[in-house]
Structure formats: structure tokens, C-alpha cells
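Trainee: Kindly return the folded structure for what I paste below:
(chains A, B, C and D)
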Amino acid sequence: MNIRVQTEVFDLGTEVEALRAGRLDVGAVASFVGYARDINDGSDVTAMTLEHYPGMTEKALVTLADEAAVRWSLIDVSIVHRVGRLLPGDPIVLVAVASRHRGDAFAACEYLMDALKTRAPFWKKEETPTGERWVDARESDAAAASRWEAKPQG
Amino acid sequence: MNIRVQTEVFDLGTEVEALRAGRLDVGAVASFVGYARDINDGSDVTAMTLEHYPGMTEKALVTLADEAAVRWSLIDVSIVHRVGRLLPGDPIVLVAVASRHRGDAFAACEYLMDALKTRAPFWKKEETPTGERWVDARESDAAAASRWEAKPQG
Amino acid sequence: MRLRILYFARMRERFGVGEESLAFDGATVADLLEVLRARGGVWAEELAPGRSFRVALNQHLVTPDVPLTDAAEVAIFPPVTGG
Amino acid sequence: MRLRILYFARMRERFGVGEESLAFDGATVADLLEVLRARGGVWAEELAPGRSFRVALNQHLVTPDVPLTDAAEVAIFPPVTGG
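Mentor: The predicted structure follows:
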């Protein structure tokens, strides 16, 4: 398991290669990268700053990865989340899941993103032409996370 | 849309960067890489050869990408599939989907893999210690593909 | 009419041919399959009703009731296993 | 008991403080929130019942009925928005 919070940029190809290196039983890697967009809720966004809760963040992400490993048959998981000031186009978060079969990798990767959005202590502040604003939690993220509560395994 | 069938290896990081390059409205890229495993159906696999139907393959993949673009709100799609002889650990197939929001990217990426497994004309022949064998189509792949028929959009 | 017929994967190997040109006076995919089965041996075996195979007409998957046209490209192959 | 209290994001900014040490003689998270609300102004406003915020005790999310212990680390913050 590879869980990191960092200011530096990450590279998807490098992370996925590290995840599966030397594991010839890996048949599937599903991955996700979230990027800073130049528009949000109808306003231009010129930059954003990500704040987090050092200590709790890492614990929360490990908890999510453990939950995914209980729920699906996984070989390994990587989660990398950036903090600090980011510009539109910058990658923010990476989740990659290696498994034998693709169904497990896809489900666990989407689960981890949905859970991270509602349970990992990160906060975004956007810079717009009319000033700074804290991003509000989305109802759609809560709905996406709650899907997994009722869903049967797999 | 970037659809390729090739013998050469591909690089996930390079493909995803090309997919989203210069698009600051991309908030999400979901991607999948399938790898050749060293074991399948209980037998050691020392190598595999992928055959395809030149001409139809590309058409079939474009059709699948078009279907995904109708069904979800997507910005761009890449599908790269290798043919020829591959060794355990070699990447076989890549599907990457860029969108504004992650739900569309995840759903379209998984849909494309499920559809590709049942509708794109590729065939795998495995080399095992007891000789060569053509891989049989999996019931689980047909079931995975059929999930999308009844499912509402998104 | 004259058809170009392609075979892939296990069927190509078992039939010992990847491509042929065939004079055909039937109407549908089902008629063509009857003609091929009448060759007996591996043809009758691989194309027997109930065996799993697919037919593409001009590079699109079709069902056996679809009519064929002159100069069509017909491909016969096992269920696909890529990805 | 003595608590270490952390504030993040909008709450850190509105309260004008990121961390404080507080002598506390209540029992639960809910009691602590009452003490903080009693400061009035932005404290009463941001922590008003019905406002959306989260509380973590020793770095785990908790509900208001959870009891606090001496030397605990309590964090109060808005709903998270990472990823």
C-alpha cells in the first residue's frame, strides 16, 4: 500500500509501474487522476489552494484502502493527494488499484475516490476574478459515497 | 478520439497526457490497463499471441467509443490494444476516458472494457507447459457486458 | 454472387485456411453456413448448430438471417477474447 | 481536563485561530461545542446547530455524543472537499 500527501506533482505512469512492478499475477490496473479545472460552479478559477489535516489525512486514507481491500480482491493500492497551491490543469489526486481481474480494480478505484471525497480531511479554496472562496461540499459527492453503503460486494 | 491497434508497447502516462493536453475543462481521467498474467484457468502461461481482424477491429472500437460518448458526458477517449506475441507482465490493452466529472469517466471506462471484451475481434492463444491453447470466451465477460444493457444512463 | 470469406483464430487453424473466394447462390448467412457445413469434417464440426461462433458481414457482427450481397466480405470466428 | 483544539479551512479563517489549548470541564463533544458557542460572534454563528461541520477526536471523525478525555486532540472543520 502506497499512501502519500505531497506538494510535488506526481506521474501516473510512474505510480502505476511501481504499483505492479514484479507482480505477474496483476491482470488489471484501474486508475483515476483528478485535475484542477479552470471553471467551477460557473466561475473562472485561476488557482486553488488545498489545505489538509496532517496526521489525520494519512490515517483516513489508510482506513479507506483497508476497507477496499476487505471488500474486493486486490493486489495493491496507491493513493497520492497533493496539497498547496495548484493551477488549472494540475493533477490533484491519484488513485490506482491493481488486481487479478478488472471488476475488482474498477469497483475499488471508484469506491476509494467516492470515499476520499467525503471522508479524507482536505479542503479547497479557489481564487476567482471576484476573490477567494472555500469550495462547498457537494451533495452529489455525498450521494456517490452513500451508493456503496447499500451495495452488495463486488 | 484516439483508437490504435499496435504490436508496440504503450505508455499509460504518455497516453493520458496526450488525452487531456491543453484541455483545462478536464477534471477527471479514469483509465484501465490490462496485463498478461503468468497464470490463467489454473495453468502456467509462458506467453500469449493476440490475433485480430484488421479493418473490423478499428471499426468496432470506434463504434464502442461512439456509444460511450452518447451515453455519458465525455471530453475524449483513448483505446490502445496490442496484437502479436506478449509475455507475462506485458500490457495488453489501455482504455482512458477524460471528462469534467469523475462519474462519467469511471462509467465510460468500465463500459468500454466490458464491451471490448465481447465485441472487438481479438483472440488470445496461450502458450503453456502442456502446449498451446486458444482462450475460451468467459461467461463472466458476457455477464459484465450485459449489465450495461438494462442500466439507466450514468 | 461471389463472396470473400475470412476465418480467424481457432477456426482459421482448424480449417487450415484464412481466406477464400466462394461462388454462392444462396441468400442469407444461414444459407452460407449450410454450404460450408456440407463440406463435412472440421467444417461440419466447428459450424454445427449449437457451437459458439460469430459471423461478421462487411466487418459488422450479424445474425444468421441477414441477407448476403455480391462481393461481400464475410468473416467467421470464435467468440472474441481480447482485452 | 485540558484539550488541544484544531480548526481548519473556513473555520480556521473565521475564528482567526488554527489551534488552541483549552481547560474544559464538560464531558462530551456536544458539551465542548456549547462552550465554544458561548463565545458568541463567529463562534456562535459557525457552530450553530444546523450548520454543517465535522468533529474529529484524536484524528477520527466522531459524533457529538462521544465523551472527551484529558489531553485529547479535537479538530473542528467544514465538510471535506478534496479529491
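Trainee: which residues in the chain form helices?
Mentor: You didn't say which chain, so I picked chain A. Assigned by DSSP state H, the helices in chain A fall at A:12-20, A:56-71, A:102-119, A:139-150.
Trainee: switch to chain C, that's the one I care about
Mentor: C:9-15, C:29-37, C:41-46.
Trainee: Return the most buried member of those.
Mentor: Mean neighbour counts were taken over those using mean count of other Cβ atoms under 10 Å in any protein chain shown, and the top value, a mean of 19, falls to helix C:9-15. To be clear about C-beta, it is placed using only N, CA and C from the backbone, and glycine gets the same treatment.
Trainee: Looking at the helices of chain C, which is nearest to chain A?
Mentor: Checking those against chain A by Cβ to the nearest Cβ gives helix C:9-15 as the closest, at 20.6 Å.
Trainee: starting at the chain centroid, how far to the closest one?
Mentor: 11 Å (Cα atoms, centre = their mean, to the nearest Å).
Trainee: among the helices and strands of chain C, which one scores worst on average pLDDT?
Mentor: strand C:60-62 (a mean of 95; mean pLDDT, DSSP states H and E).
Trainee: With distance to D:Ile76, mean neighbour count and mean pLDDT added, can I get the helices of chain A in JSON lines?
Mentor: JSON lines is the format used below for those (distance: least, Cβ to Cβ, whole Å; neighbours: other Cβ atoms under 10 Å in any protein chain shown; pLDDT from 0 to 100):
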{"stretch": "helix A:12-20", "distance to D:Ile76": "33", "mean neighbour count": "19", "mean pLDDT": "97"}
{"stretch": "helix A:56-71", "distance to D:Ile76": "12", "mean neighbour count": "18", "mean pLDDT": "97"}
{"stretch": "helix A:102-119", "distance to D:Ile76": "16", "mean neighbour count": "24", "mean pLDDT": "97"}
{"stretch": "helix A:139-150", "distance to D:Ile76": "19", "mean neighbour count": "13", "mean pLDDT": "90"}
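Trainee: and the gap between A:Gln115 and chain D?
Mentor: Not quite, residue A:115 is Ala, not Gln. For A:Ala115, the distance to chain D equals 10 Å [Cβ to the nearest Cβ, to the nearest Å].
Trainee: Surely that residue and A:Ala65 touch.
Mentor: No - look at A:Ala115 against A:Ala65 with Cβ atoms under 8 Å: they stay out of range, at 9.6 Å.
Trainee: State which one residue of chain A is found closest to chain B.
Mentor: For chain A, the residue closest to chain B is A:Gly13, as judged by Cβ to the nearest Cβ, at 2.5 Å.
Trainee: mind listing what the one residue in chain C that gets nearest to chain B touches?
Mentor: When you check chain C against chain B by Cβ to the nearest Cβ, the closest residue turns out to be C:Gly82, at 2.4 Å. Residues near C:Gly82 by Cβ atoms under 8 Å, 6 or more residues apart in numbering or on different chains: B:50, B:52, B:81, B:92-93, B:116-117, B:120-124.
Trainee: Mind checking which of the residues you listed are in strands?
Mentor: Among these, the ones falling in strands (DSSP state E) are B:50, B:52, B:81, B:92-93, B:122-124.
Trainee: Identify, from the residues you listed, the entry nearest to chain D.
Mentor: Closest to chain D, out of all of the ones in strands among the contacts of C:Gly82 and judged by Cβ to the nearest Cβ, is B:Val93, at 26.7 Å.
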